[in-house]
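S.K.: give me a model of this one.
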Amino acid sequence: MSTHNPFLAVDRQIIGDIHTTTEVMDNLTYLCDECGSRFPGTPGERQAVEFMQEKMRAYGLQNVHAEPFAFGGWTRGTATLEILEPVQKSLPCISLPYSPAGSVEAQLVDMGEGHPDDFAARAGEIAGQIVLTTSENPAGMSRGVHRSEKYGRSLLAGAAGFLFVNHYPGTGPVTGGIGHEDGPGAVPGLGLACEDGRYLQRLLERHGQVKIRITTTDVNAPSTSWNVVGDLPGTTHPDELVMVGCHYDGHDISQGAGDPASGAVAVLEAARVLAKYTKPARTIRFVLWGVEEIGLIGSAAYTQAHAAELGAIRFYLNLDAAGTSADIQDIVLNEWPELTPVFEGWKKEMADTFAIGQSVHSFSDHFPFFVQGVPTSCMERATRRPSGGRGYGHTYYDTLDKVEIGPLRVASERAARWLIRLANEENWPITQRTPEAAQALLDTPAYRETAELRAQVDAFYAARK
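M.R.: Residues are numbered from 1 along each chain as shown. Predicted coordinates for the structure are as follows:
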């Protein structure tokens, strides 16, 4: 049975264009092979910023520009991990971003998967020692336990150092930020490969004690990054905004092809076809965010600089890593149940297969908008499960060869088709929340637990000043 589709002609143009060109993969290739990681403060980041502006202008967007913002930069130095007792051996390792420079010699404490309850229970063991925890989610947890939480709980228990072990074999050491409020963490932190972490755990189990020395030489210094912005102006309601975005910065150890660049090029591809085939009623704003991987800093800077304009945003769609694989290309509405029937209707109209979810997390660029009351969403898996790890993400091997053109095309055309409907829908059933109402939605047992931890960690750092 056919369903009336007022956008049928433009849908076919969008899908046909995207699926018969290689533009989206060409852009990904340039960002990965020519610009490298695009890590904040690197020449490759600036090259990517110029490239993305050039593409936006070529596609016909208006008001294309880069908005600079200051942040606490970080530059990787050499890092070492030496086993001193019961054997003498060095293991390969990398500093975790925002690790301070320093050297620590202490006993190893294996916290395994890093269950939150274990840190307080074993605080006497942890104080003054070096904690090891893995990237996998603790068994029995109904929520995800992020790296930053494991680091924070280690600090509160008095740890002098931190080891974060990738639980995926064959993908090398894992990375991820451990800073606090755009500055360095309190104690050195290293990322290790699964194989080396498991060796340390076995050594500790056999001998009872393992003494190690970790040394970091990283540099924390002020720097500048940019958000890249371009508009497709609305025809009848130009002052009302629909926004779509993704960060472009990857971690410095790899190309960051899946996370995030697959989503960044989907934003560009959606911009290309929408500018080519549509004249939306409301302005669609496309933004590529800087400095997400070490703290959502670019999107937070935007919400501060554009505070007076936030009330004009009808909807924000986040595409972080959206082109990585087909199983993460649903729409997850950040607790807007009134929009479920809207997207259900569009799903039928589009003859598409995406699922529709309702949840919210704080680990990507939608979140600074969410807490201000802006309606937000993410292209990700609708049945979000506690994080069990990232696969190739945040490792050396998140490279161009891991990303296929099929998921890139689907992310691009699905986002473009949602955006044209979002920009033209006249029977919009919601208005923005107040920040207080947004905060109330986060008042769940799981969120309260992590919020209490953040408050304790904030107090820890305040006491150090």
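S.K.: please name the residues that touch residue 438.
M.R.: The neighbours of residue 438, taking C-beta atoms under 8 Å, 6 or more residues apart in numbering as the test, are 370-373. For the C-beta atoms, the positions are set from N, CA and C on the backbone; glycine is no exception.
S.K.: run the last query once more with 6 Å
M.R.: Residues in contact with residue 438 (C-beta atoms under 6 Å, 6 or more residues apart in numbering) are 370-371, 373.
S.K.: just among those, which is most surrounded?
M.R.: Taking other C-beta atoms under 10 Å to define a neighbour, the member of the contacts of residue 438 with the most is residue 370, carrying 26 neighbours.
S.K.: what's the separation between the residue nearest to it when sequence neighbours are not counted and residue 293?
M.R.: Taking C-beta to C-beta, 6 or more residues apart in numbering as the measure, residue 370 lies nearest to residue 376, with 4.6 Å between them; neighbours along the chain are not counted. With the distance defined as C-beta to C-beta, to the nearest Å, residue 376 ends up 19 Å from residue 293.
S.K.: so between these two, which is more surrounded?
M.R.: For residue 376 versus residue 293, neighbours defined as other C-beta under 10 Å are more numerous around residue 376 (27 against 24).
S.K.: can you tell me how far that one is from residue 314?
M.R.: 11 Å.
S.K.: check residue 420 too.
M.R.: The span separating residue 420 from residue 314 equals 13 Å under the rule C-beta to C-beta.
S.K.: neighbour count for the two, which is higher?
M.R.: Regarding residue 420 and residue 314, a neighbour count based on other C-beta under 10 Å identifies residue 420 as having more, with 25 against 20.
S.K.: show the pLDDT at the more buried one.
M.R.: The per-residue pLDDT reported for residue 420 equals 98.
S.K.: residue ranges in the stretch 1-150 of the chain under the pLDDT threshold?
M.R.: Within the stretch 1-150 of the chain, the set of residues satisfying pLDDT under 70 comprises 1-3.
S.K.: rerun that using 80 as the cut-off
M.R.: For the stretch 1-150 of the chain, the stretches with pLDDT under 80 are 1-4.
S.K.: tell me where it has strands.
M.R.: Secondary structure of the stretch 1-150 of the chain (DSSP state E, counting those that start in this stretch): strands at 62-75, 79-85, 89-91, 94-95, 102-110, 130-134.
S.K.: the nearest residue to residue 7 once chain neighbours are set aside in helix, strand or coil?
M.R.: With C-beta to C-beta, 6+ apart as the criterion, residue 7 has its nearest non-adjacent residue at 6.1 Å, and that residue is residue 420. The three-state label for residue 420, taken from DSSP: H, G, I helix; E, B strand; the rest coil, comes out as helix.
S.K.: quick one, phi/psi of the nearest residue to residue 156 once chain neighbours are set aside?
M.R.: Closest residue to residue 156 apart from its sequence neighbours, by C-beta to C-beta, 6+ apart: residue 456 at 5.7 Å. Comment: the main-chain dihedrals of residue 456 come out as phi -70, psi -40, following degrees, to the nearest 10.
S.K.: use 10 as the first number for this chain going forward.
M.R.: All set: I'll call the first residue 10, so the last point we hit is now residue 465.
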